[in-house]
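Undergrad: take this sequence and fold it.
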Amino acid sequence: MNLEIKDAGTARKIALVTFDAEELTKKENQACQELAKLANIPGFRKGKVPIPVIRKKFAKELSQELNRKVSTDAYEAVLESKDLKVYSILKVDPGEIDVKAPSTVEITVDVEPEFDLPDYKDYELTVYPTEVSDEEIEKEIESLRDQRASYEEVERAIVEGDYVKCSYEGKMDEKPLSEVLPDKPIFGKQANTWEEAGQAKGLGVEAIAQGLVGMNKNETKEVEASFDKDFEVEPLAGKTVIYNLEVHEVREKKAPELDEEFLKTLKLETVEELKDKIDQDLKNRKERENQNGKRHQVTQKILDLPDFPLPQQAVEEESKIIFRSNAQRAVQQGAKEEDIEAKRDELWQQAQTQGQARIKLTITLGKIAEIEKVEVTNEDLAQAATQEAMMLRKDPTVHVKELSQDRQKLNRLRQDILYDKTLEFIASNAKESVCENEEDKQE
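TA: Numbers count the residues shown, from 1 in each chain. Presented below is the predicted three-dimensional model:
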């Protein structure tokens, strides 16, 4: 057997494994003998069929078995070769095998790239203080009260913070805005909608929220709204719209008092218990944010490393998975199939960029995991599969069974766990630099 290696592109090789006629004859004889032991041919006892009869009767099966033996030996030779670090085997092609002459099996592989590992043991990562201030505790208490607030109808002029049931219709250049923007009724026409007076809300009309302040029930008035030149809804950019606004109902928000009755709803007895609980919850939240922030910083440090050749097939497969996931998410968020198709090239380019980043991270973290002996246990797999089942709202037992029958999905889950554990290992063992400026905090 002779092994020759040729370049076939970025991080890709073709291994040519050649067998001489003597080796092929030996393998064919072995295949004949194995078939002879199993063959049932009338007139011969099982296991006693002459080899010439086997060759004639089972020519097709003999050829298939010889191909299998030669391909397997070539495959194993490639995996064992010290000159190749195989990342994945893409194709095994034995071609036409003739036992009377040397035959070559062509194996296409993506190889593990050569690259310099980062100095991950010397990483210094930014964290933020986890102490909780009195102001933060008071803010959380107010948030809890707000969540349990009641909304009582009142007969008075609207003040900021009131919740108002109202209707409005806009006109631009004397034309109803509902005709200009039929698919965006929030800007054109709304009947019996609720607005928080004085508060702009996301993509809503700020002038409406501001205009409600001072109005009374059943009152109407005109409100002028001027939109910025770079406003995201193009027909409104740089335009002025006149809205006819009518108030139907006014409700005042009343948060509960911080008393015994309120504490009972939280299953607590004293205000001090509440403050202690909030203090611990906020500390835990800040610690989680720090840990997530450290993992994000490690990820970015790896992505910022000099690029190295990536296995083409791995990038292609990862890009396809990301593309399908992004497209599915877009559909769930209301995008139409034709919109996705129209942006297919753009979405595919984004998926490829993300796929390259993912494979770069996976390979780098895999090498670090190998050095640091980070492993995925059966318990890790069971826990991850259960969590995944809960997210998908599936029976965990059924989901685990499905995973066990789908090697590709199981391998991906294993890879994700290894990726996650290695990130955690690096982040947990890195040096920490405490930053006091909360404004610089990474999202």
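
Undergrad: which helix or strand in the chain has the lowest average pLDDT?
TA: Every helix and strand in the chain was compared by mean pLDDT, DSSP states H and E; the lowest is helix 51-57, with a mean of 78.

Undergrad: what comes up buried for the longest helix along the chain?
TA: Looking across the chain with DSSP state H, the single longest helix is helix 271-303. Using 16 or more other Cβ atoms under 10 Å as the test for burial, helix 271-303 gives 274-275, 278-279, 282, 286, 289-290, 293-295, 297-299, 301-302. From N, CA and C alone the C-beta is placed, and that goes for glycine too.

Undergrad: what's the answer for stretch 72-92, then?
TA: D73, A74, Y75, A77, V78, L84, V86, Y87, V92.

Undergrad: so of those, which ones are in helices?
TA: D73, A74, Y75, A77, V78.

Undergrad: isn't the first one up against M1?
TA: Yes: under the contact definition of Cβ atoms under 8 Å, D73 touches M1, with a separation of 7.2 Å.

Undergrad: can you check which residues contact both of the two?
TA: V17, F19 (Cβ atoms under 8 Å, 6 or more residues apart in numbering).

Undergrad: how does the protein divide into domains?
TA: Annotated domains of the chain cover 2-111, 150-254, 271-440 [automatic domain parsing].

Undergrad: neighbours around the closest residue to F187 other than its chain neighbours, how many?
TA: Nearest residue to F187, sequence neighbours excluded (Cβ to Cβ, 6 or more residues apart in numbering): L181, at 5.4 Å. Using other Cβ atoms under 10 Å, L181 has 19 neighbouring residues.

Undergrad: for L181, which residues are in contact?
TA: F187, G188, V233, P235, L236.

Undergrad: likewise L418?
TA: With Cβ under 8 Å, 6+ apart, L418 has these contacts: L365, G366, A369, V374, E375, V376.

Undergrad: measure it to P309 for me?
TA: As judged by Cβ to Cβ, to the nearest Å, L418 and P309 stand 22 Å apart.

Undergrad: counting contacts, what elements does the helix or strand sitting right after the longest helix of the chain along the chain pack onto?
TA: Helices and strands here follow DSSP states H and E; after helix 271-303, the next one along the chain is helix 312-332. Applying 3 or more Cβ pairs under 8 Å, 6 or more residues apart in numbering; DSSP states H and E, we find helix 312-332 packed against strand 86-93, strand 103-111, helix 337-342, helix 344-372.

Undergrad: now do 7 Å
TA: For helix 312-332, the packing partners by 3 or more Cβ pairs under 7 Å, 6 or more residues apart in numbering; DSSP states H and E come out as strand 86-93, strand 103-111, helix 344-372.

Undergrad: between those, which gets nearest to E160?
TA: For these, the distance to E160 is smallest for helix 344-372, at 42.0 Å, taking Cβ to Cβ.

Undergrad: mind listing what's buried along the closest one?
TA: Under the neighbour-count criterion of 16+ other Cβ under 10 Å, helix 344-372 has 347-348, 351-352, 354-366, 368-369 buried.

Undergrad: what is the mean pLDDT for the helix or strand just after it?
TA: Once the chain leaves helix 344-372, the next helix or strand it forms, by DSSP H and E, is helix 378-391. Rounded to a whole number, the mean pLDDT of helix 378-391 is 89.

Undergrad: now helix 378-391: how far from the chain's centre is it?
TA: With Cα atoms, centre = their mean, to the nearest Å as the basis, helix 378-391 stands 16 Å off its chain's centre.

Undergrad: buried sites along that helix?
TA: Neighbour-count burial for helix 378-391, counted by 16+ other Cβ under 10 Å, picks out D380, L381, A384, A385, E388, A389.

Undergrad: any idea how far the last one lies from L413?
TA: The one in question is A389. Where L413 is concerned, A389 sits at a distance of 11 Å (Cβ to Cβ).

Undergrad: what residues sit buried inside the lengthiest strand in the chain?
TA: For the chain, the longest strand by residue count, based on DSSP state E, is strand 240-254. Residues of strand 240-254 classed as buried by neighbour count (16+ other Cβ under 10 Å): V241, I242, Y243, L245, E246, V247, V250, R251, E252.

Undergrad: pLDDT for these - can I get that in CSV?
TA: Putting these into CSV (pLDDT from 0 to 100) gives the following:
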residue, pLDDT
V241, 96
I242, 96
Y243, 97
L245, 97
E246, 97
V247, 97
V250, 97
R251, 97
E252, 96
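
Undergrad: now tabulate these in TSV and tack on distance to F58.
TA: Shown next, in TSV, are those (distance: Cβ to Cβ, whole Å):
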residue	distance to F58
V241	84
I242	89
Y243	86
L245	89
E246	90
V247	91
V250	91
R251	87
E252	91
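
Undergrad: so where's this protein shaky on pLDDT?
TA: Within the chain, the ranges that satisfy pLDDT under 70 run 43, 45, 47, 200-203, 437-443.

Undergrad: let's go with 80 and repeat that
TA: 36-51, 53-55, 57, 200-204, 333-334, 408, 436-443 (pLDDT under 80).

Undergrad: make sure F115 is indeed in a helix.
TA: No: the assignment for F115, made by DSSP: H, G, I helix; E, B strand; the rest coil, is coil rather than a helix.

Undergrad: for the residue lying closest to P185 once chain neighbours are set aside, give its distance to Q190.
TA: With sequence-adjacent residues excluded and distances taken as Cβ to Cβ, 6+ apart, P185 is closest to S178, at 6.7 Å. Taking Cβ to Cβ as the measure, S178 falls 10 Å from Q190.

Undergrad: could you do I208 as well?
TA: In this view, I208 and Q190 are 9 Å apart by Cβ to Cβ.
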